[in-house]
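**Student:** Sequence and predicted structure are below.
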Amino acid sequence: MSDFDVDLFVMGAGSGGVRAARIAAGHGAKVAVAEEYRTGGTCVIRGCVPKKIMVLASRFHDAFDDAAGYGWTLTTKPEFSWTGLIEAKDREISRLSEVYARNLERSGVTQYASRAVLEDAHTVRLSDGKKITAKYILVSTGGHPVAPHIPGAELAISSNEAFDLKELPRRIAIAGGGYIAVEFACMFQRLGSEVTLIHRGEKILRGFDEDLRDELMLALAAEGVTLKMNNTIAKIEEAPTGCRKVTYVSGDDDEFDIVFFATGRMPNTKGLGLERAGVELGAAGEVRVDNNSRTNVENIYAVGDVTDRVNLTPVAIREGHAVADGLFGGKPWAVDHALVATAVFSTPEIGTIGMTEEAAREEMMPIDVYRARFRSLKHTMTRRQERTFMKIVADAKTDKVLGVHILGEDAGEMIQLAAVAVGMGATKADFDRTIAVHPTAAEELVTMRDKVHVPTPGGAI
Ligand code: NDP
C-alpha cells in the first residue's frame, strides 16, 4: 500500500500534463490531474489549433484569387463570415477538448475540474478544499500573455481574446514581432482587416535567419500590412468614437478598432504554492528544472511553458512523456532540446531547423551557404508575385548541414522531413544525392548548387 492517495498528481491538463498523465497511467501508476479551465491547455483551446484553423480560413482569400489563373470564374463574390468561422472553430475546439478528457478517462486518470495549489511537497489542495497527497507532482501549468506596463494597456487584447472577438476588426494594431504577432497579422489581413504591425526592433522574428526575416517583411508589406518598425506604443486611450487611440513613442498617433499585444508570454507560477513546497523559480518566474525536468525538490517535476525552455507543444509533450517513463516505466531518458524544428504560420509560411547563418558566423565556423529564391509553379499561373525562399547552411569543413530555412507554401510540412535528415547528421552531399521529386517546391532542397563560402574570419578554408 502506498502512503499517498496517488502516485502522480498533475497540475494542468495541457499538452505536457495530459501526455505525462496518460503515459504514467499506462505504466500502472495511480494518476490524478487538475485543470481549472478546459482540458487541452493553450495549444488546443487558445493556441496552435484554433490559430491554424483561422490561418487556413484566411488562405482561402488567396485561393479564390489564384483560381482565375487556372480558368476558374467565380460567378458570385465569395463572402466571409467571421461569426461562421468562430462558431466552426469553437465546435472543433470543444470536440478536441472532449477527446482529450475522454482519453484521460480511458487511461484511468482521475480528473478534477479545479485549480490545484501546493500545500507542501506532497499535498495539493483543490478549490473545494479537498486535499490529495501524491508521491510525485508534475507542474504543467503553462504560461500566459503579457502586455507592457503602459497607460491604457487594459484597453488592448491578447491572443486569449483574439480568438473570440465578436466581429472582425476593420483596423487592428498588433504590437510585437514574434510568432504570435506575425501569424495574426497575416491572418487578419487576409480575412479583411487593415493591419498595422508595430515592433520595437528593426525587423520581425528576432533569432530567425536574417534572409527569412527580410523576405517575410517584404511579403507582408506586399500584402498590404503596414509595418511600423523601431516603434512602440506609449499609451492607449479610448477615443470619443469608441475606438482605441494609440500614441507611439515617436509622438505620432493612430486610431484602431482593436489593439492587440503579442509581446510575449510568461510562465504560470503565481499562487500555486510553489514557494511553500520549496520549488525554486528562475528570473522570469519559470520553474527551474534539470535535464530530466526535475525541480530542486526531489519529487516535484515540471514540463512545458512553465519551465520556459523551448516553448512549443511537441516539446512539452516529449518532456511529459520522458517524466512518466522515467518515474514509472523504468526507462529514464532526456529530451534533446538542441535541434527542434519549428514553423511560423504566417502567409507565406516559415519552416526552420538548426543554425542560422548568423549563429554560425558568431561561432566563427567556416560555412557554405546555399540559397534558392524562385516563383513556384503554382504561381507562374497566378497573378501573385509570391516567391519561395530556401537556404541551407553547411559546415564548410565537414559538409554537415547545420540549418535549413524555408519561406513559402507548406514550409512547415517540408521542414518536418528536413528535420529528420538534419537530426541524423546529413551532409550537403547527402541532400544532393537524393533524387528530386518533380515538380515540387521541395525538390529545390536537393538541387541547390549556388554556394557562397563564408570563411572563418581571418582563417583558413
Ligand atoms: P515571442 O517571445 O516570440 O515574441 C515577443 C515579441 O514581442 C518580440 O518581438 C519582442 O521583441 C516583443 N516584445 C516583448 N516585450 C515587448 C515590449 N515590452 N514592448 C514591445 N515589444 C515587446 O512571443 P509571442 O507572444 O509571439 O509567442 C510566445 C511563444 O509562443 C513563442 O515564443 C513560441 O514559443 C510560442 N508560439 C509558437 C508558435 C508556433 O510554433 N507556430 C505560434 C505562437 C506561439 P524583441 O524581439 O525585441 O524581444
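**Tutor:** Great, that's in hand.

**Student:** Report the contact partners of D254.
**Tutor:** The contact partners of D254, by C-beta atoms under 8 Å, 6 or more residues apart in numbering, come to A173, T196, K245, V246, Y248. (C-beta placed from N, C-alpha, C; glycine too.)

**Student:** Oh, that last question was meant for G351, not what I typed.
**Tutor:** So G351 contacts 341-343, 404-406, 411-416, 418 (C-beta under 8 Å, 6+ apart).

**Student:** most neighbours, which of those residues?
**Tutor:** Among the contacts of G351, I406 has the most neighbours (other C-beta atoms under 10 Å), with 31 neighbours.

**Student:** What sits closest to it if chain neighbours are left out?
**Tutor:** Once flanking residues are discounted, I406 sits nearest to G351: 4.5 Å by C-beta to C-beta, 6 or more residues apart in numbering.

**Student:** in its sheet, what does the one helix or strand the one you found maps to sit against?
**Tutor:** Secondary structure from DSSP states H and E places G351 in strand 350-354. Partners of strand 350-354 in the sheet, by DSSP bridges, are strand 342-344 (antiparallel), strand 401-407 (antiparallel).

**Student:** Mean pLDDT and distance to E98 added to these, as JSON lines?
**Tutor:** Output for the strands paired with strand 350-354, formatted as JSON lines (pLDDT from 0 to 100; distance: least, C-beta to C-beta, whole Å):
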{"stretch": "strand 342-344", "mean pLDDT": "98", "distance to E98": "27"}
{"stretch": "strand 401-407", "mean pLDDT": "98", "distance to E98": "35"}
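
**Student:** would you turn the ones you listed into JSON lines with distance to the ligand?
**Tutor:** Putting these into JSON lines (distance: least, C-beta to the nearest ligand atom, whole Å) gives the following:
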{"stretch": "strand 342-344", "distance to the ligand": "5"}
{"stretch": "strand 401-407", "distance to the ligand": "14"}
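
**Student:** Those into TSV, with extra columns for distance to E210?
**Tutor:** Shown next, in TSV, are the strands paired with strand 350-354 (distance: least, C-beta to C-beta, whole Å):
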stretch	distance to E210
strand 342-344	15
strand 401-407	10
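
**Student:** residue in this protein nearest to the ligand?
**Tutor:** G178 (2.1 Å; C-beta to the nearest ligand atom).

**Student:** Let me see the contact set for that residue.
**Tutor:** I204, L205, R206, A262, T263, G264 are the contacts of G178 under C-beta under 8 Å, 6+ apart.

**Student:** now those residues: which count as buried?
**Tutor:** I204, L205, A262, T263, G264 (16 or more other C-beta atoms under 10 Å).

**Student:** Helices of the stretch 151-300 of the chain, start to end?
**Tutor:** Listed in chain order, the helices of the stretch 151-300 of the chain (DSSP state H, counting those that start in this stretch) span 159-162, 179-191, 210-222.

**Student:** could those go into JSON lines alongside mean pLDDT and mean neighbour count?
**Tutor:** Below are these laid out as JSON lines (pLDDT from 0 to 100; neighbours: other C-beta atoms under 10 Å):
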{"stretch": "helix 159-162", "mean pLDDT": "98", "mean neighbour count": "18"}
{"stretch": "helix 179-191", "mean pLDDT": "98", "mean neighbour count": "24"}
{"stretch": "helix 210-222", "mean pLDDT": "98", "mean neighbour count": "19"}
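
**Student:** and P314, what helix or strand is that in?
**Tutor:** If you go by DSSP H and E, P314 is part of helix 313-328.

**Student:** With only the CA atoms kept, save that helix in CSV.
**Tutor:** The C-alpha coordinates for helix 313-328 follow below in CSV (Å, rounded to 0.1, in the frame of the first residue of the first chain):
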residue,chain,number,x,y,z
THR,A,313,3.7,22.0,-27.8
PRO,A,314,5.6,19.0,-29.2
VAL,A,315,8.5,19.8,-26.8
ALA,A,316,6.1,19.8,-23.8
ILE,A,317,4.7,16.5,-25.0
ARG,A,318,8.1,14.9,-25.2
GLU,A,319,9.0,16.3,-21.8
GLY,A,320,5.8,15.0,-20.2
HIS,A,321,6.4,11.6,-21.8
ALA,A,322,10.0,11.4,-20.6
VAL,A,323,9.0,12.3,-17.0
ALA,A,324,6.3,9.5,-17.0
ASP,A,325,8.7,6.9,-18.5
GLY,A,326,11.4,7.9,-16.1
LEU,A,327,9.3,7.7,-12.9
PHE,A,328,7.0,4.8,-13.7
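
**Student:** what's in contact with it?
**Tutor:** Outside helix 313-328, the residues within contact range by C-beta under 8 Å, 6+ apart are 7-8, 14-24, 26-29, 43, 47-48, 136, 138, 140, 292-293, 301, 303-305, 307, 309, 331-335, 337, 340.

**Student:** Mind doing that once more with 7 Å?
**Tutor:** 7-8, 14-17, 19-20, 23-24, 27-29, 43, 48, 136, 138, 140, 292-293, 301, 303-305, 331-335, 337, 340 (C-beta atoms under 7 Å, 6 or more residues apart in numbering).

**Student:** Stretch 432-450 too?
**Tutor:** 370-372, 374, 376-377, 388, 390, 392, 408-409, 414, 418, 431.

**Student:** could you flag which of those are buried?
**Tutor:** Judged by 16+ other C-beta under 10 Å, buried ones among those: Y370, R371, A372, S376, T388, M390, I392, G408, E409, M414, A418, F431.

**Student:** Helices of the stretch 1-150 of the chain, start to end?
**Tutor:** Counting by DSSP H, counting those that start in this stretch, the helices of the stretch 1-150 of the chain are 15-26, 41-46, 48-66, 82-106.

**Student:** right, so the ones you listed: which one is the most enclosed?
**Tutor:** For the helices of the stretch 1-150 of the chain, the largest average neighbour count (mean count of other C-beta atoms under 10 Å) is found in helix 15-26, namely a mean of 27.

**Student:** Briefly note if it comes near the ligand.
**Tutor:** No - if you take C-beta under 6 Å from any ligand atom as the test, helix 15-26 misses the ligand, and the best it gets is 11.9 Å.

**Student:** Can you check what angle separates that helix from helix 313-328?
**Tutor:** Counting by axes from the mean of the first three to the mean of the last three C-alpha atoms, to 10 degrees, helix 15-26 lies at 30 degrees to helix 313-328.

**Student:** Helix 15-26 - contacts with which helices or strands?
**Tutor:** Where contact means 3 or more C-beta pairs under 7 Å, 6 or more residues apart in numbering; DSSP states H and E, helix 15-26 is packed against strand 6-11, strand 31-34, helix 82-106, helix 313-328.

**Student:** do that again at 6 Å, thanks
**Tutor:** Secondary-structure packing of helix 15-26 (3 or more C-beta pairs under 6 Å, 6 or more residues apart in numbering; DSSP states H and E): strand 6-11, strand 31-34, helix 313-328.

**Student:** mind giving me TSV with the ones you listed and columns for mean neighbour count?
**Tutor:** Shown next, in TSV, are the helices and strands packed on helix 15-26 (neighbours: other C-beta atoms under 10 Å):
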stretch	mean neighbour count
strand 6-11	27
strand 31-34	26
helix 313-328	23
